[in-house]
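> With the input below, show me the fold.
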Amino acid sequence: MTTPTERPWLASYAPDVPHEIDLPQGSLVDIVDQSVLRFPGGTALDFLGAETSYRDLGEQIARAAQGLADAGVRAGDPVAIVLPNCPQHVVAFYAALRLGAVVVEHNPLYTPRELQHQFEDHGARTVIAWDKSVATIQALPEDVRPERIVSVDVTRAMPRRTRLLLRLPVPKARAARAAIAAKVTGTITWERISAAAPLPVDHPARRRPTSR
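Next up, the predicted model:
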């Protein structure tokens, strides 16, 4: 074990932050499932004041996983995610993993040229994207453009008060909404994906050897 002298950053840790932790067992999906069981009412996500409990997060992941399966995602498929930090990003990430898919993360501010190289590499046919990034993805060459684009309106995860303020018919509110949301066509909405019935517990992708 190293000493504090060899790890000077430890001096900046808060008093209640441990210097050593035990590594959890299992996959990332297993760890989330365990957290849902251990802390169902605990806060898993806090997005600008809108809180999501572990119980709700677990259900949202299960529903999104089934929605993605219904859309055609299968184990082993690459699934591209082009989202900013938001609750839908967390749910999409774990929902894809729950199906045994391979998540490929992207910067939502990339240009078509920057995204093209990455999509040529992984060949994802499904992308879950911020609605502000959809036009960029739709501008990709046809041979690398994903077959399925799931569009996400991040404002739907914001607190109700914030959403109401963004709808005010004043220039400042319109400008703020235009910066974080866009009207899109030719996509599957995230609401449709997340409205599916929860993925059954006996789904093949949920029976992993690492599950406990």
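
> neighbours around the nearest residue in space to Glu114 that is not next to it in sequence, how many?
Leaving out its chain neighbours, the residue that sits closest to Glu114 by Cβ to Cβ, 6 or more residues apart in numbering is Asn107, at 7.6 Å. (Glycine included, C-beta is placed from N, CA and C.) Asn107 is flanked by 13 other residues according to other Cβ atoms under 10 Å.

> sec struct for Asn107, please.
Taking DSSP: H, G, I helix; E, B strand; the rest coil as the rule, one finds Asn107 in the coil state.

> separation between it and Ala96?
For Asn107, the distance to Ala96 equals 18 Å [Cβ to Cβ, to the nearest Å].

> And Asp30, by the same measure?
Distance from Asp30 to Ala96, by Cβ to Cβ: 15 Å.

> cool, Ala44 as well?
Using Cβ to Cβ, Ala44 is found at 18 Å from Ala96.

> With neighbour numbers in mind, choose between those two.
More neighbours surround Ala96 than the other of Ala44 and Ala96, with 26 against 20 (other Cβ under 10 Å).

> Could you say which helix or strand holds that one?
If you go by DSSP states H and E, Ala96 is part of helix 87-98.

> And stretch 38-51, what's buried?
By 16 or more other Cβ atoms under 10 Å, the buried positions in stretch 38-51 come out as 44-45, 47, 50.

> out of these, who's nearest Leu199?
Leu199 has its nearest neighbour among the buried residues of stretch 38-51 in Ala44, at 18.1 Å by Cβ to Cβ.

> The closest one: what secondary structure?
Classification of Ala44 using three-state DSSP returns strand.

> looking at it, it is touching Ala50, isn't it?
No: applying Cβ atoms under 8 Å as the test, Ala44 and Ala50 come out as separate, 11.8 Å apart.

> would you say Ala129 is within a helix?
No: counting by three-state DSSP, Ala129 is not found in a helix; it is strand.

> now the most centrally placed residue in the chain: how far from Trp190?
Among the residues of the chain, the one closest to the centroid is His89, at 2.0 Å (Cα atoms, centre = their mean). Distance, His89 to Trp190, by Cβ to Cβ: 11 Å.

> hmm, which helix or strand of the protein has the shakiest average pLDDT?
None of the helices or strands of the chain scores lower by mean pLDDT, DSSP states H and E than helix 171-180, at a mean of 60.

> Which helix or strand lies directly C-terminal to that helix?
Reading on from helix 171-180 to the C-terminus, the next helix or strand found by DSSP H and E is strand 188-189.

> Val103 belongs to a strand?
Yes: using three-state DSSP, the assignment for Val103 is a strand.

> dump the residue contacts of the spatially closest residue to it that is not a sequence neighbour.
Nearest residue to Val103, sequence neighbours excluded (Cβ to Cβ, 6+ apart): Ala96, at 5.0 Å. Ala96 sits next to 65, 68, 73, 79, 81, 102-103, 128 when contact means Cβ atoms under 8 Å, 6 or more residues apart in numbering.

> which among those end up buried?
Buried residues within the contacts of Ala96, counting neighbours by 16+ other Cβ under 10 Å: 65, 68, 73, 79, 81, 103, 128.

> who does the host helix or strand of Arg192 touch, helix- and strand-wise?
Per DSSP H and E: Arg192 is located in helix 190-194. The helices and strands touching helix 190-194, judged by 3 or more Cβ pairs under 8 Å, 6 or more residues apart in numbering; DSSP states H and E, are helix 54-71, helix 87-98, strand 148-152.
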